[in-house]
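> Give me coordinates for this.
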Amino acid sequence: MQGYGGGGAPPGGHPAQLYPYMYAPQPGQPNPMYGAPPGMPPYPVAPSQNSHYMSSPYGVPPNLSQSQPQAIVPPEGRMPRPKRFTDRSKPREERQERHFTKPLRSAMKKSNSLSVPPSNHPQYHHSREGSGSGLSLWRSRTTQGPKVPFPDEEDEEIRMRHSRKELPISRIPSGASGGVLTRTRTASDPQHPRSRANSTSRPRSRTAGRYYHTPGHLFLQISGTNKLSMSSVVNPRIVEDIRERVLTMWPEGVERSTYHEEINEFDSHFVGTPWTSKGNLGLIAMRLILELFTLLARRGYICTSAIDTGLSTGYPRFVFSSTNEDPDAQFFMIAFSDNRRKIKLINHPDILGQSMSEVIREEFPRRLISASWGEESDYYKIEVSRWDSESMTGLFIATILQFCTSQGYKLDCSIPLVHSGILGILQGKKELWIMKRFPLYVPNQG
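A predicted model of the protein is given here:
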């Protein structure tokens, strides 16, 4: 690029390093920035491209012709510095006050538009003296409100008390001159309050729900040799009655008895083996089961079915349906053993045993071996010969059921129990029939 012709320095003493930046080509002269290669004529510059240089207030330097480039003299003989968006000429206190009024980063991200602040805004300022006037870029705030000064220790204490809900939501800080901190209330309409949403994370009390909803069924399971379990027991009075009237009947005692109120389950483990006992202990265990059914009926639960949910225990669960309480409920038991060759009647009316033996003798001649009362006359036992086929066994069971129905009893439940030892495998399961008297039944006098 070229400067002054002849190599002389221009007036004013400007350094030679500024020559390429101070002068521009004149109309009709070759452009030094786009000079032609050696041996080629220079490319002329149109007058319109350099016409603005002719209007320079500095005019043409001395000793120069119009064909020479015109000088662009910087003010005060130096290159101007780039302008900054900050103003260091103001006091430190004003800059610190403006620092706390800047918008949040989250607010700056939400708005992409730039606006020019009003003339009275603190960020509206002039540039340095001698460099002209200018405006800094200013982003509009997302929320309108008065300027709040930096909080002191007292205001910080007020803010902490606000978080503990000891003061109202709105409060004028001690150092503010008219500014108010206000938070919008969530429930603005008292006539239409918002209902609280239900949450599954809050703890729920089963005790409160027990009085409003009572399941219509109860489940009973007699398993193993000494276990008695019940589920869906929502009435604590039933558990108390069982502990007082049923569990105390076993002479050897109870190993443990637990009522899980949170899941409504009741478990009892007896000492010894009541479900496989023989003799007097076996009779006590049968009466214990009868007492349990009587208690549930008087509390409004009757057995309707037995289900097998596929559990690994292999013992059925007896379903009790909720109904009206029956304070006059009566039960007796028929116990089958030795492949239904031996029968025991427990807690039955006196005339029922003798009448049953007579019916068996009439329907199955030469099959009845013995029929008599027990050792202490507390049960009646009947023994028949071995049956030739399963069809004969089914006919024998149907005859007994028909006789019980004629006497005002129905089959309420059938409980299978296992025998212990090797003889138990040969003799098969012990089966207990729970027979219940029909309500308001009047025996046939004829």
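> What's the first helix or strand after the host helix or strand of Leu395?
Per DSSP states H and E, Leu395 falls inside helix 390-406. Next along the chain after helix 390-406, taking DSSP H and E as the criterion, comes strand 409-417.
> Give the buried residues for that next one.
409, 412-413, 415, 417 (16 or more other CB atoms under 10 Å). No exception for glycine: its C-beta is placed from N, CA and C like everyone else's.
> go on, stretch 331-345?
The neighbour-count check on stretch 331-345 (16+ other CB under 10 Å) flags 331-337, 340-345 as buried.
> the domain parsing of this protein - what is it?
26-61, 215-322, 331-437 (automatic domain parsing).
> Enumerate the beta-bridge partners assigned to the closest residue in space to Lys227 that isn't next to it in sequence.
Among residues not flanking Lys227 along the chain, His269 sits closest, at 5.7 Å (CB to CB, 6 or more residues apart in numbering). Under DSSP bridges, the beta-bridge partners of His269 are Lys227, Arg256.
> what residues are up against Gln354?
371, 380 (CB atoms under 8 Å, 6 or more residues apart in numbering).
> same thing with the one 5 residues further on?
Under the criterion of CB under 8 Å, 6+ apart, the contact list for Val359 reads 399, 403.
> Let me know the secondary structure of it.
Assigned with DSSP: H, G, I helix; E, B strand; the rest coil, Val359 falls in the helix class.
> From Leu401, how far off is it?
Plainly put, Val359 is 11 Å away from Leu401 if you go by CB to CB, to the nearest Å.
> now swap in Thr323 and tell me
For Thr323 relative to Leu401 (CB to CB), the value is 23 Å.
> Mind checking the pLDDT average for the longest helix along the chain?
Across the chain, the longest stretch assigned as helix under DSSP state H is helix 279-298. Averaging pLDDT along helix 279-298 yields 92.
> Can you mark which positions in the next helix or strand after it are buried?
Using DSSP H and E, the helix or strand that directly follows helix 279-298 along the chain is strand 301-307. Along strand 301-307, these residues count as buried under the neighbour rule (16+ other CB under 10 Å): 301-303, 306.
> Repeat that for stretch 259-272.
Those would be 259, 264, 266, 268, 270, 272, for stretch 259-272 by 16+ other CB under 10 Å.
> Which two of these have the greatest separation?
Asn264 and Gly272 (27.7 Å; CB to CB).
> before we move on, the earlier item: let me have the buried residues of strand 409-417 in CSV, extended by distance to Thr248 and pLDDT.
Shown next, in CSV, are those (distance: CB to CB, whole Å; pLDDT from 0 to 100):
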residue, distance to Thr248, pLDDT
Tyr409, 27, 93
Asp412, 24, 91
Cys413, 23, 89
Ile415, 21, 90
Leu417, 21, 82
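> Mind putting these into TSV with distance to Glu240?
TSV is the format used below for the buried residues of strand 409-417 (distance: CB to CB, whole Å):
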residue	distance to Glu240
Tyr409	29
Asp412	24
Cys413	23
Ile415	24
Leu417	27
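> from those, which is closest to Asn226?
Closest to Asn226, out of all of those and judged by CB to CB, is Leu417, at 11.6 Å.
> Test my guess that that closest one contacts Thr276.
Yes: counting by CB atoms under 8 Å, Leu417 does reach Thr276; the two are 7.0 Å apart.
> which stretches of the stretch 301-446 of the chain have low pLDDT?
Within the stretch 301-446 of the chain, the ranges that satisfy pLDDT under 70 run 309-313, 419-428, 440-446.
> wait, Lys344 sits on Gly353?
No: Lys344 lies out of contact with Gly353 (CB under 8 Å); the separation is 9.8 Å.
> okay, and the common contacts of those two?
380, 382.
> just to confirm, which helix or strand has Pro215 in it?
Judged by DSSP H and E, Pro215 forms part of no helix or strand.
> That one reaches Ser232, doesn't it?
Yes: assessed by CB under 8 Å, Pro215 is found in contact with Ser232 at 5.1 Å.
> of these two, who's got more company?
Of the pair Pro215 and Ser232, Ser232 is the one with more neighbours under other CB atoms under 10 Å, namely 17 against 13.
> right, and the more buried one touches Leu220 too?
No: Ser232 is not in contact with Leu220 according to CB under 8 Å; the separation is 9.9 Å.
> Relative to Glu252, how far out is His415?
For the record, residue 415 is Ile, not His. 21 Å.
> cool, and Ser305?
32 Å.
> thinking again about what came up before, compare Thr323 and Leu401 (neighbour count), which wins?
Leu401 (15 against 12).
> who's Ser413 bridged to?
No Ser there; residue 413 is Cys. Applying DSSP bridges, one finds that Cys413 bridges with Ile434.
> And Phe336, by the same measure?
Here Phe336, judged by DSSP bridges, has bridge partners Ile343, Glu431.
> Please tell me how far Lys344 sits from Glu262.
41 Å.
> repeat for Thr248
26 Å.
> swap in Thr273?
Counting by CB to CB - Thr273 and Glu262 are separated by 31 Å.
> And for Trp387?
With CB to CB as the criterion, Trp387 and Glu262 are 50 Å apart.
> does Pro316 really touch Ser305, like I thought?
No: assessed by CB under 8 Å, Pro316 is found out of contact with Ser305, at 9.4 Å.
> count of neighbours near Asp308?
So Asp308, with other CB under 10 Å, has 10 neighbours.
> Provide a list of residues in contact with it.
Counted by CB under 8 Å, 6+ apart, Asp308 has contacts 316-317.
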